[in-house]
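Enquirer: generate coordinates for the sequence data below:
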Amino acid sequence: MSRIHRLASDNTPSGRRLAPVAMACVACFLAPPWAAAQTASPAPSLVQDSPLEIVVTAQRISQLASKTALAITAVSGEELRATGTTSAVGLTSLAPNILISTGSNASTDISIRGIVSSNTTEVGDPAAAFHIDGVYLGRPQSAGATFFDLQRIEVLRGPQGTLYGRNATAGAINLITNKPTTRFEGQVNTTLGNYNLRNVEGMVNVPINDMLAVRAVLSATTRDGTLITAGAPNTFGKNRDDIDNQSARVHGLLKFNDSMRLLVTLDGSRNKGAGPGSVRLEDFQNGSGDARRTTLGNRSEGTRSEKSSGVSAEFTAGLGFAEFTYLAARRTFDRDSTTSTLNPVSFTLSNFTQTSHELRLASTTVSPLRWVAGLYAFNEDGDMDARFQFTNFRVAPTVVLPNFEQRFVQDPVDSSSRAVFGQVTYSLTPQLRLTAGARSTEDEKSRFGVVTLTPRIAPNSNNVADVSYRRSTWKLGAEFDILPAMMAYGNVATGYKAGGYFDGDSARGDNTYKPESLRSIELGLKGRFLDSRLQLSAALFQYDYEDLQISFVTINPLTNATGTITTNAARATNRGAELEARWLVSKAGTLGLSVGLLDAKYKSFVFPVIPTRPVAIDYAGRKLDKAPDATVAVNYTHKWALADGSGLTANAAMRYSSSYVVSNFAIATPVQYTQGAFTRSDISLMYESADDRWNVQAFVKNIGDRQAITGYSFNQFTGNQVFLSEPRTFGLRAGWRF
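Expert: Next comes the predicted model:
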């Protein structure tokens, strides 16, 4: 079995194949002989001449969001503060066709335009690529404790197969943190709320000298669980879905001169407590009030201990004709948890290390030609040890084992990806621009594992797989300035997500699944109106998926135990429309609106035969999970200037979602459970002192205490389980600046 090499400059066959292609690609972009003969056109404007404008780097170069020819929602740090968005889940109310929730394994599950990856095990890949300052997070569990001291968030909808790659078929989310500045400053924030919520955050920015500045941030949050476990058949010390997080981040920025700098970042977080939980589907469907959030049945208290750390270095240098960027990162994720079932009780230990390297060149000259090209390498290796301890477990009609253990040891689990990419935009006229991009990607995945039984009532079985894939993706686009402040665009793009494997032995049967791919067509319109007081963006899109990856928990046909299986739906289609608006109603008021319409269905999907389902089932025409037909979000912020110079800021938000389904593929006849249409509302009021040194904010989230299903899971010992959105929460935040 091949081992995955760890350096971007490896000498493997795949590395040798990528190198000449990459050099040729870069050389082509650096010095096209015909480019110099063209008449220079103005460089893209970065002037933020409206408070609605945000500069983004979604296409690896700095652009105004209103001039970026793709579906993107950019949320500033000020808006995050006004709306009280403190986690990834809060983005659901700020962007159309987005649903973000906490899923199994404490992961952050992201659904964009009806596409979501539900396999959050050690061999799964997210469908939406999550980045922090451009660094891709391979483990979705690491995304939960990163929402503090942010400059902005960029949510990209649709396949990002050219500039981002790495399985970004649904889209990409990039968190951009605040960087060190030349000003000494600091801030302390604290939050108190129901469910015994306690949060403290601190930031200090220290300029050491003219070249070096440091910015450090600390955050600590505790909260009691919102899933009630007091009625379970044994004693619980904590409710499920609690929070006990500590996080820290330090930036060091070294400026050698005006065009050369080095940013070094260290970060770490620790999540503890009972961990996220789910409730029995029957309890949620038949209960009322708190009974709908009660985890009854075959359960005991679980424990959660997760550690995540990272170090990254980003070096940028101006070369005159282009800007050179090298971004290197190393991240670790360690997990030690106990699941909450009485029989068996399971224990999981896992450790993962990822390294990534990205080399990038982006043009800076004033020319009709703008381009970006680069190389990317990613490697993740880890191990996992899961033990299931049974008491008085019946293994045959007349055989009961008083103590019985099943153990899954996976060591090593490896995944690597290599890519070369480039994108070029050429101005045919001052109003018309054409874009072409391409990416060539190679992926390798492997695992060696074994399943043991104690006492040994059956032979050990292997969990072994070794797969590799190579795929090219591309993008063609055009954008036209109808008016100086109004642009139309169209894109045709492809996306790719690597295949993989599930539990089993490749020598005894096929335990692999194929890559998924899609072709996307998108038409959009962006503009500013009413003297730049109104900003609008609209998009129409259609996806055609091949081999869409579907994961579900059932009795594994190769191990005869509960496990996650991934299969491929031959074809699926997503089509829809989106509208986003930001309107400065007055000097004091800003109204935001987002509308998402979606029609996402399986077009051709026949379930395979498995032990719990001896007959294949045709699922064609069924809706995709977490894909509501319509979502509408309205957000209004109003500011009052008081006579003494202080100010009040009020924010009210409402989000409506039509019904959607979550699927139970684990039983003999798969069914889809419907979450009915619902509306969720939030409100907050903040007072800021005249000298802008301190503030206090009162907030209420989910005013109507609406509880909604956000995910589904199955376990042969606990039955049908659903994950729920958070109940009503309220509290006070206070901040002090110096």
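Enquirer: helices or strands up against the helix or strand encompassing Thr425?
Expert: According to DSSP states H and E, Thr425 maps onto strand 399-427. Packed against strand 399-427, as judged by 3 or more C-beta pairs under 8 Å, 6 or more residues apart in numbering; DSSP states H and E, are the following elements: helix 13-30, strand 369-396, strand 432-454, strand 461-483. Using the backbone N, CA and C atoms, a C-beta is placed for each residue, glycine as well.
Enquirer: leaving out the residues flanking it, which one is nearest to Glu154?
Expert: Asn174 (4.7 Å; C-beta to C-beta, 6 or more residues apart in numbering).
Enquirer: who does the one you found bridge with?
Expert: In this entry, Asn174 is beta-bridged to His131, Glu154, by DSSP bridges.
Enquirer: what about it, how many residues nearby?
Expert: Around Asn174 there are 23 other residues, counting by other C-beta atoms under 10 Å.
Enquirer: likewise for Arg737?
Expert: Quick note: Arg737 (other C-beta under 10 Å) scores 15 neighbours.
Enquirer: OK, contacts around it?
Expert: Glu185, Gly186, Gln187, Asp692, Arg693, Trp694 (C-beta atoms under 8 Å, 6 or more residues apart in numbering).
Enquirer: a markdown table for these, including neighbour count?
Expert: Listed next are the contacts of Arg737 as a markdown table, based on neighbours: other C-beta atoms under 10 Å:
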| residue | neighbour count |
| --- | --- |
| Glu185 | 13 |
| Gly186 | 14 |
| Gln187 | 17 |
| Asp692 | 11 |
| Arg693 | 12 |
| Trp694 | 16 |
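Enquirer: any idea which of these is least confident?
Expert: Across those, the member with the lowest pLDDT is Asp692, scoring 91.
Enquirer: separation between it and Ala322?
Expert: 40 Å (C-beta to C-beta, to the nearest Å).
Enquirer: what does Ala74 give?
Expert: Taking C-beta to C-beta, one finds Ala74 at 25 Å from Ala322.
Enquirer: looking at the two, which one has more neighbours?
Expert: Ala74 (23 against 20).
Enquirer: partner strands of the helix or strand hosting the more buried one and their direction?
Expert: Using DSSP H and E, Ala74 sits within strand 72-76. Strand 72-76 sits in its sheet next to strand 150-157 (antiparallel), going by DSSP bridges.
Enquirer: could you dump the strand it pairs with to CSV, C-alpha only?
Expert: Presented in CSV, the C-alpha positions along strand 150-157 are these (Å, rounded to 0.1, in the frame of the first residue of the first chain):
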residue,chain,number,x,y,z
LEU,A,150,-12.7,38.8,12.3
GLN,A,151,-12.3,41.3,9.6
ARG,A,152,-14.8,39.7,7.3
ILE,A,153,-16.3,36.4,6.1
GLU,A,154,-16.6,35.4,2.5
VAL,A,155,-19.2,32.8,1.5
LEU,A,156,-18.8,31.5,-2.1
ARG,A,157,-21.7,29.5,-3.5
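Enquirer: tabulate the helices and strands packed on strand 399-427 (CSV), appending distance to Leu254, mean neighbour count and mean pLDDT.
Expert: Putting those into CSV (distance: least, C-beta to C-beta, whole Å; neighbours: other C-beta atoms under 10 Å; pLDDT from 0 to 100) gives the following:
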stretch, distance to Leu254, mean neighbour count, mean pLDDT
helix 13-30, 26, 15, 40
strand 369-396, 23, 19, 88
strand 432-454, 31, 20, 93
strand 461-483, 35, 18, 93
